[in-house]
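In: structure for the following, please:
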Amino acid sequence: MRAAVIHEHGGPDHLVYEANFPDPECGPGDVVVRVKASSLNYHDIFTRRGMPGINVPMPCIMGLDFAGEISEIGGDVTDWKVGQRVLVDPVDRVGPGGLIGEMWHGGLAEFCSVPAHHLVALPDNVSFEQAACLPVAYGTAHRMMYTVGDVQKDDKVLILGASGGVGTCAVLLAKARGCEVIVCASTDEKLKRLAELGADHGINYTQEEFHKWVWNAFGKPHRRQWDKGVDVVVNFTGGDTWTKCMRVLRRGGKMLTCGATAGYDPKTDLRYIWSFEFDILGSNSWEPDDLTSLLGYIAEGKMTVPIDKSYGLEEVPEAMRVIEEREVFGKIIIDPTL
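Out: Okay, here's the model as predicted:
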């Protein structure tokens, strides 16, 4: 089969296209999925580079998020049938843990064998492309914004990194709850597209500092007052944005985080936490209910995932480059048929 493969960790040149990678074997409790669409995440870049403490078996076919049709069923599988449309939840919640696309071959290929407990039935009116965008980015955002963060109507919500997968979903979810949404992005074009998704205010962080923009628009927070600043900050970038975010939260506000794409060990200032009595809430991954809810939103016409572009398997290195260099808006799709 055709696949995008890494044989060792490293830079972009370590990801190679192979036209004759061995077809997957279907174990007794497995199904083989004919991949119709997969989507890329920044996690795929971390996997390619290598992460401390995670020993990825090589060679590795990455691709955590993918959807397709069942082409083969193992002898012990009784709840699924050939031809059924499915989304694959990459998290192993039954076995030793780990992720499909990291510890086991993933969706950057024509076929993938997965244990049947990873399958989620795909509604007929949800496309493979829309479904493939969901688990890592949208499942993570849904848990962070609703389950953990519980954003509410009229909350002023500042979202950093708003133009990527998690960020665009956070915008859609916040607007669905009736929040006033402020987004940060690196270009005016991205801000225009975020406005089309419903964002109320946009900050080009290459031209002005976001914390000063917030002070001008909503007042500089004060430890003796409750009404200045924003109610919620969504920060999964980390790095040098962390302390600046503390400076825009109103007294009693919330900082939501689910990652640290710009650095996980930022400088911080504990005085803000006790002086302004705000909460820092971490959100890790997603649960099956998050994916079921998201599929429901799409099936009911309440949400459409913005897709930037589709690439073929031979073009995966270029697709990863645009994510790594933050040239993307929304999600990137890999279509094995291209």
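
In: going forward, measure contacts between C-alpha atoms and count neighbours the same way
Out: Noted.

In: got a list of what the most centrally placed residue in the chain touches?
Out: Geometric centre of the chain, nearest residue: residue 137, 1.5 Å, by CA atoms, centre = their mean. Residue 137 makes contact with 41, 165, 166, 169, according to CA atoms under 8 Å, 6 or more residues apart in numbering.

In: quick check, nearest of the residues you listed to residue 240?
Out: Nearest to residue 240 out of the contacts of residue 137 is residue 166 (CA to CA; 19.4 Å).

In: on the three-state scheme, the closest residue to the closest one other than its chain neighbours is what?
Out: Nearest non-adjacent residue to residue 166, counting by CA to CA, 6 or more residues apart in numbering: residue 137, 4.6 Å away. Under DSSP: H, G, I helix; E, B strand; the rest coil, residue 137 falls in the helix class.

In: what's the separation between residue 137 and residue 273?
Out: For residue 137, the distance to residue 273 equals 28 Å [CA to CA, to the nearest Å].

In: try residue 144
Out: For residue 144 relative to residue 273 (CA to CA), the value is 20 Å.

In: please say which of these two ends up with more neighbours.
Out: residue 144 (25 against 17; other CA atoms under 10 Å).

In: let me know the pLDDT of the more buried one.
Out: If you check residue 144, the pLDDT there is 98.

In: can you check residue 261 too?
Out: Confidence score, pLDDT, at residue 261: 82.

In: secondary structure element for it?
Out: Following DSSP states H and E, one finds residue 261 outside all helices and strands.

In: verify the stated contact: it with residue 241.
Out: No. Counting by CA atoms under 8 Å, residue 261 stays clear of residue 241, with 11.1 Å between them.

In: the two: which has the busier surroundings?
Out: Neighbour count, other CA under 10 Å: between residue 261 and residue 241, residue 241 has more, with 19 against 15.

In: show me which residues of stretch 128-148 are buried.
Out: 128-146, 148 (16 or more other CA atoms under 10 Å).

In: ok, now stretch 237-249?
Out: Judged by neighbour count using 16+ other CA under 10 Å, the buried positions of stretch 237-249 are 237, 238, 239, 241, 242, 243, 245, 246, 247, 248, 249.

In: quick check: beta-bridge partners of the last one?
Out: The one in question is residue 249. Applying DSSP bridges to residue 249 gives these bridge partners: residue 230.

In: who touches it in this structure?
Out: Contacts of residue 249 (CA under 8 Å, 6+ apart): 221, 229, 230, 231, 232, 233, 255, 276, 278.
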